[in-house]
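Q: here's my sequence, what's the structure:
(one chain, ligands or ions: 1)
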Amino acid sequence: MSCARAPTLLAIYAMLSLQFVILACALGSTVAIPSKPTCQNPGVRKEWRALGYSGQKAYVDAMKCLSSLPHDPSLSPTGATPGLPPLDKNSSRYDDVVYTHMDANEKVHFTGRFYPFHRYFVHTVEDILQKKCQYKGYIPYWDWTLGDYADIKNSPIFSADPVVGLGAFPDASTNFTLTTGAFRNWVRKYPIAHPIQRNYTLQPFKQQIFPWSFNLPDKRANETQTPAEWQSIVTGYVGNFTAFQGAVDGVRAEGVHASTHRSLGGDVADPSWSPNDPLFFLVHAQLDRLWATWQKQHPANQYAIGGGEDLETVNIDQFLTGSGKPVTADTTIYLSNLGPDVKIKDLLSTKGGVLCYDYAT
Ligand SMILES: [Cu+2]
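A: Reported below is the predicted structural model:
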């Protein structure tokens with residue numbers, strides 16, 4: 001599969017008291033506290049480098065285990081995204097995870113479901129690793145603000161170490177196939193069987209992939225990955241969830257979310273099958289950490305949610321976080337039976353509802 005090929009799909013408050021309250025907020029967000037605030041001993045998600053050799057190996061081994069488990073016939077696509085390849089019954093549980101993301105694609109990107117879906121998706125994979133692969137850890141995050149942003153391509157996290165390395169960026173000599181690191185030559189089944197690819201591109205917006213044109217085609221992706229940019233998002237948009245999400249995605253998807261995916265290139269750059277590359281989970285844990293950090297920044301942020309259920313491709317500048325039916329705390333997040341369907345209100349705290357984890361930093 002060529003990295004240059006355009007994808008076929010998505011060618012594209014209220015701490016008034018300690019009482020549990022639900023109310024609408026004037027700032028494009030609704031607010032609700034989780035229905036099941038039961039988390040007592042939260043697990044700790046750590047930065048990739050803080051795992052150390054043994055922690056990294058445990059994570060790699062768990063991912064390889066997921067890749068060796070058979071496809072689960074109970075996987076049940078919702079049909080939210082038309083035109084997908086058929087389910088491959090000879091694939092693996094890892095491929096089921098990828099298919100779940102492909103199935104959800106057109107309902108969970110640039111909509112109000114974006115953040116809750118991805119929080120629940122990553123949590124569910126973490127849960128499967130723990131229950132089916134005896135993994136004792138949690139999903140690590142990649143904190144690109146730790147100096148990496150200056151030269152992402154040469155960040156030490158992209159190690160070629162055959163046991164614990166996430167893999168060095170390949171080049172044209174291998175058609176950008178990942179040939180180093182613990183996941184070298186990994187073959188994934190969707191959309192067709194292929195070895196996973198990566199292709200670092202500092203200026204990814206030169207290539208058109210969405211139904212809208214980019215405003216800043218020359219923008220360098222790492223401008224969105226600086227400590228200053230992180231701080232600006234965390235401290236801004238008080239009580240205004242849609243503005244917060246809009247900042248993460250950016251105007252016409254030129255924010256840190258798409259910048260990170262698109263610049264890494266290959267599989268993880270695709271809006272549909274990006275989880276083919278295990279880097280996806282480190283990237284999305286970091287983006288979830290950004291949300292969790294913003295949520296803790298102000299009581300008005302903690303349970304704010306908003307946006308619409310439908311991807312808006314025409315008036316994208318007006319509806320960065322979707323149009324149509326409003327997304328609220330009572331909106332359901334579907335997971336193709338990879339895990340049970342849940343309400344957003346049970347995903348608004350990492351330490352309540354169906355979740356029980358925190359970030360080390
Ligand atoms: Cu996604």
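Q: against residue 123, how distant is residue 298?
A: As defined by CB to CB, to the nearest Å, residue 298 lies at a distance of 24 Å from residue 123. All C-beta spots, glycine's among them, are computed from the backbone N, C-alpha and C.
Q: comparing the two, which shows the higher neighbour count?
A: Legend: neighbour count by other CB atoms under 10 Å for residue 298 and residue 123, higher for residue 123 (22 against 16).
Q: tell me which element that one is part of?
A: helix 114-132 (DSSP states H and E).
Q: helices and strands around that helix, which ones?
A: helix 52-68, helix 93-108, helix 241-249, helix 279-297, strand 332-333 (3 or more CB pairs under 8 Å, 6 or more residues apart in numbering; DSSP states H and E).
Q: repeat that for 7 Å
A: Packing partners of helix 114-132 (3 or more CB pairs under 7 Å, 6 or more residues apart in numbering; DSSP states H and E): helix 52-68, helix 93-108, helix 279-297, strand 332-333.
Q: just the ones you listed: most buried one?
A: helix 93-108 (a mean of 24; mean count of other CB atoms under 10 Å).
Q: give me the contact list for that helix.
A: 9-10, 66-67, 69-72, 75, 77-78, 80-81, 84, 87-88, 113-114, 117, 121, 125, 128, 188-190, 271-276, 311, 334-336, 338 (CB atoms under 7 Å, 6 or more residues apart in numbering).
Q: which ones among these lie within helices?
A: Secondary structure from DSSP state H places 66-67, 114, 117, 121, 125, 128 of these in helices.
Q: those residues: which two are farthest apart?
A: 67 and 114 (26.3 Å; CB to CB).
Q: wait, isn't residue 334 in contact with residue 341?
A: Yes: under the criterion of CB atoms under 7 Å, residue 334 makes contact with residue 341 at 5.3 Å.
Q: the two - which one has more neighbours?
A: residue 334 (22 against 12).
Q: that one and residue 240, how far apart?
A: 26 Å.
Q: for residue 125, same thing?
A: Taken as CB to CB, the span from residue 125 to residue 240 is 30 Å.
Q: got it, and residue 211?
A: For residue 211 relative to residue 240 (CB to CB), the value is 26 Å.
Q: compare those two (neighbour count), which wins?
A: Using other CB under 10 Å, the more surrounded residue of residue 211 and residue 240 is residue 240, with 20 against 13.
Q: which pLDDT value goes with that one?
A: Per-residue confidence (pLDDT) for residue 240: 97.
Q: quick check: phi and psi on it?
A: phi -110, psi 90 (degrees, to the nearest 10).
Q: which ones are touching the most centrally placed residue in the chain?
A: Nearest residue to the geometric centre of the chain (CA atoms, centre = their mean): residue 284, 3.3 Å. Going by CB under 7 Å, 6+ apart, residue 284 touches 118, 122.
Q: distance-wise, check it relative to residue 146.
A: 17 Å.
Q: same check on residue 154?
A: Distance from residue 154 to residue 146, by CB to CB: 14 Å.
Q: higher neighbour count, these two?
A: residue 146 (15 against 11).
Q: who touches the closest residue to that one other than its chain neighbours in this structure?
A: Spatial nearest neighbour of residue 146, excluding adjacent residues (CB to CB, 6 or more residues apart in numbering): residue 47 at 7.3 Å. By CB under 7 Å, 6+ apart, residue 47 lies in contact with 140-141, 143, 360-361.
Q: quick one on the thing from earlier: just put the ones in helices among the contacts of helix 93-108 in JSON lines and tack on distance to residue 104 and pLDDT.
A: Below are those laid out as JSON lines (distance: CB to CB, whole Å; pLDDT from 0 to 100):
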{"residue": "66", "distance to residue 104": "18", "pLDDT": "98"}
{"residue": "67", "distance to residue 104": "21", "pLDDT": "98"}
{"residue": "114", "distance to residue 104": "10", "pLDDT": "97"}
{"residue": "117", "distance to residue 104": "6", "pLDDT": "98"}
{"residue": "121", "distance to residue 104": "8", "pLDDT": "98"}
{"residue": "125", "distance to residue 104": "13", "pLDDT": "98"}
{"residue": "128", "distance to residue 104": "16", "pLDDT": "98"}
